[in-house]
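Asks: A structural model of the following input is requested.
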Amino acid sequence: MENISKLWMGPLPQDSPYVKPFRLYYVQNGVEKNWDLLKVHDSVAIILYNATRKVLVFVRQFRPAVFHSIITSSGGDLAEVNLQQFPPKIGVTIELCAGIVDKNISRREIAREEMLEECGYDVPTERIEEVMTYRSGVGSSGALQVLYYCEVTDDDRATKGGGVDDEIIEVVEYTVEEARKLVSQGSKINSPPSCLFGISWFLMNKAPKLN
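Replies: Just a heads-up that it's a prediction; the model follows:
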């Protein structure tokens, strides 16, 4: 995952299947305004709890956007990144199992597929509980994300997970107390808001019933 040997920048191809930038114009209170936006896919995320070992299941992966942001905010040279000064591990995140909505199937079915591909758990959609639907990236995309919760056991483990094709994803487990520290005041971690919100929701709504 951290075996990154070369990085470089380039223009975004117009046929990108993931990101389409554009400018939106509008008139508000008689004043013409504009906003630069990104058209991206909607997505799903799943809070996974393994009841056999009493752990929350997350994924760990290298995120180029996080790596790029840390370098630029630290004054690094993007033309020739110093991998000693900026080791790839700084771009590794802890996240919920998640995926984009890019198929003509239900979002719950997409969540089921992501759980199997990324984390190795194979469960029927009936066991996947919808938590909430909200908007992510409200300043740039306004994309929709559906958050789910699923309780699994070791018996549901069909594969070791790790993603498909050229994905490099590591499945990691946190005890409830370890996860609690991720959302404690003052914590600094490479996790998206959906992950931190998912942990907080679990601690409020599920953890008390597990005791």
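Asks: and the strands in this protein?
Replies: Assigned by DSSP state E, the chain shows strands spanning 20-28, 31-39, 43-50, 55-62, 92-95, 97-100, 129-136, 143-152, 170-175.
Asks: tell me which of those strands sits most buried.
Replies: Counting by mean count of other Cβ atoms under 10 Å, strand 43-50 has the highest mean neighbour count of the strands of the chain, with a mean of 24. Backbone N, C-alpha and C define where each C-beta goes, glycine included.
Asks: what's the separation between the residue of the chain positioned farthest from its centre and residue 61?
Replies: Largest separation from the mean C-alpha position in the chain: residue 30, at 38.9 Å (Cα atoms, centre = their mean). Residue 30 sits at a distance of 47 Å from residue 61 (criterion: Cβ to Cβ, to the nearest Å).
Asks: same check on residue 93?
Replies: Counting by Cβ to Cβ - residue 93 and residue 61 are separated by 6 Å.
Asks: go on, residue 185?
Replies: 26 Å.
Asks: residue 28 pairs with what?
Replies: Per DSSP bridges, the residues bridged to residue 28 are residue 31.
Asks: what of residue 135?
Replies: Beta-bridge pairing of residue 135 under DSSP bridges involves residue 144.
Asks: can you check residue 149 too?
Replies: residue 47, residue 129.
Asks: and it, what is it in contact with?
Replies: If you count contacts by Cβ atoms under 8 Å, 6 or more residues apart in numbering, residue 149 has them with 46, 47, 49, 128, 129, 131, 201, 202, 206.
Asks: and the gap between it and residue 185?
Replies: 24 Å.
Asks: pLDDT weak spots in the chain?
Replies: Along the chain, segments meeting pLDDT under 70 span 211.
Asks: how does it look with 80?
Replies: 77-79, 211 (pLDDT under 80).
Asks: how many other residues sit next to residue 122?
Replies: By the measure other Cβ atoms under 10 Å, the count of residues near residue 122 is 14.
Asks: which phi and psi does it have?
Replies: Main-chain dihedrals, residue 122, degrees, to the nearest 10: phi -120, psi 110.
Asks: thought it was touching residue 153?
Replies: No: Residue 122 is beyond contact range of residue 153, at 11.5 Å (criterion: Cβ atoms under 8 Å).
Asks: how much space between residue 62 and residue 5?
Replies: Residue 62 is 13 Å from residue 5, by Cβ to Cβ.
Asks: roughly how far apart are the nearest residue to residue 40 once chain neighbours are set aside and residue 86?
Replies: In this structure, residue 40 finds its nearest non-sequential neighbour in residue 141, 4.7 Å apart by Cβ to Cβ, 6 or more residues apart in numbering. According to Cβ to Cβ, residue 141 stands 27 Å off from residue 86.
Asks: my read is that residue 22 contacts residue 40, right?
Replies: No: counting by Cβ under 8 Å, residue 22 does not reach residue 40; the two are 11.6 Å apart.
Asks: centroid residue for this structure?
Replies: Note: the chain centre (Cα atoms, centre = their mean) maps to residue 95, 5.0 Å.
Asks: that one contacts residue 196, correct?
Replies: No: Residue 95 is not in contact with residue 196 according to Cβ under 8 Å; the separation is 10.0 Å.
Asks: that older thread, of all the strands of the chain, which one is nearest residue 70?
Replies: Each of the strands of the chain has some distance to residue 70 by Cβ to Cβ; the shortest is strand 92-95, at 10.9 Å.
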